[in-house]
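**Q** 3D, please:
(one chain, ligands or ions: 1)
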Amino acid sequence: MVLEMIILRKIISIVLITIFVLLAAINSPAIAEPVTDLDHGAALFKANCAGCHANGGNIVRRGRNLKLKTLHKNKVDTQAAIAAIVTNGKNNMSAYQDKLTTQEIADVSAYVLRQAELNWK
Ligand code: HEC
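**A** This is a model prediction of the structure:
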């Protein structure tokens, strides 16, 4: 009887530990999206991008704006694709790899994608 109790307790604690480890894994940022700071992204956008892309437009090349439909069409509709353009630049848009850190580029790219999804409202 005592032995059975001990075994039962062991089983329960193993089950609880397993659940805990699984929950920790699900919540871990390594598995979720990379952590980005949208407020910081908004400030970076205002300082670096709004001159040409105010309200998600493009005053230099209108067809290359930041509206969701356009981003889909031009296949720039992921955070990584936006970050690639910001990092390396494209035609009349200059590169930001010497001006912004990788983290800042991730933040501003996440902000652009979020704003596009909100239709820049
Ligand atoms: C000097 C004006 C200017 C500034 C400042 C600028 N861009 Fe651009 N951006 C452009 C132009 C021009 C294009 C079109 C490039 C091409 O495809 O010819 C563009 C294209 C883009 C695209 C692709 C849009 C599409 O529909 O294909 C993204 C995303 C983008 N810019 C994001 C940014 C972000 C984020 C910043 C700030 C870090 C920024 N841009 C700063 C001029 C600018």
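
**Q** the ligand contacts on this protein?
**A** Proximity of the chain to the ligand (CB under 6 Å from any ligand atom) is limited to residues 48-49, 51-53, 58, 60-61, 64-66, 70-71, 74, 76, 82, 85-86, 90-93, 96, 108, 112. Just so you know, the C-beta spots here come from the backbone N, C-alpha and C atoms, and that holds for glycine as well.

**Q** just the buried members of these?
**A** The neighbour count (16 or more other CB atoms under 10 Å) marks 48-49, 52-53, 58, 64-66, 70-71, 76, 82, 85-86, 93, 96, 108, 112 as buried among those.

**Q** mean confidence for the helix ranked longest in the chain?
**A** In the chain, taking DSSP state H as the definition, the longest helix is helix 2-27. Helix 2-27 shows a mean pLDDT of 82.

**Q** how about stretch 50-67?
**A** 98.

**Q** first-to-last residue distance for it?
**A** Terminal residues of stretch 50-67 lie 14 Å apart, using CA to CA, to the nearest Å.

**Q** for the chain, which segments count as helices?
**A** With DSSP H as the criterion, the chain has helices spanning 2-27, 38-48, 50-53, 68-73, 79-88, 102-117.

**Q** deepest-packed of those helices, please.
**A** Ranked by mean neighbour count, the helices of the chain are led by helix 102-117 with a mean of 21 (mean count of other CB atoms under 10 Å).

**Q** run through who's touching that helix.
**A** Contact with helix 102-117 is made by 34, 36-38, 40-42, 44-45, 48-49, 56, 66-68, 71, 77-80, 82-83, 86-87, 96-97, 100, as judged by CB atoms under 8 Å, 6 or more residues apart in numbering.

**Q** and for stretch 45-63?
**A** 64-67, 70, 91-93, 96, 99-100, 108, 111-112, 115-116, 120.

**Q** end-to-end on it?
**A** Span of stretch 45-63 from end to end, CA to CA: 19 Å.

**Q** likewise for stretch 93-104?
**A** Terminal residues of stretch 93-104 are spaced 17 Å apart (CA to CA).
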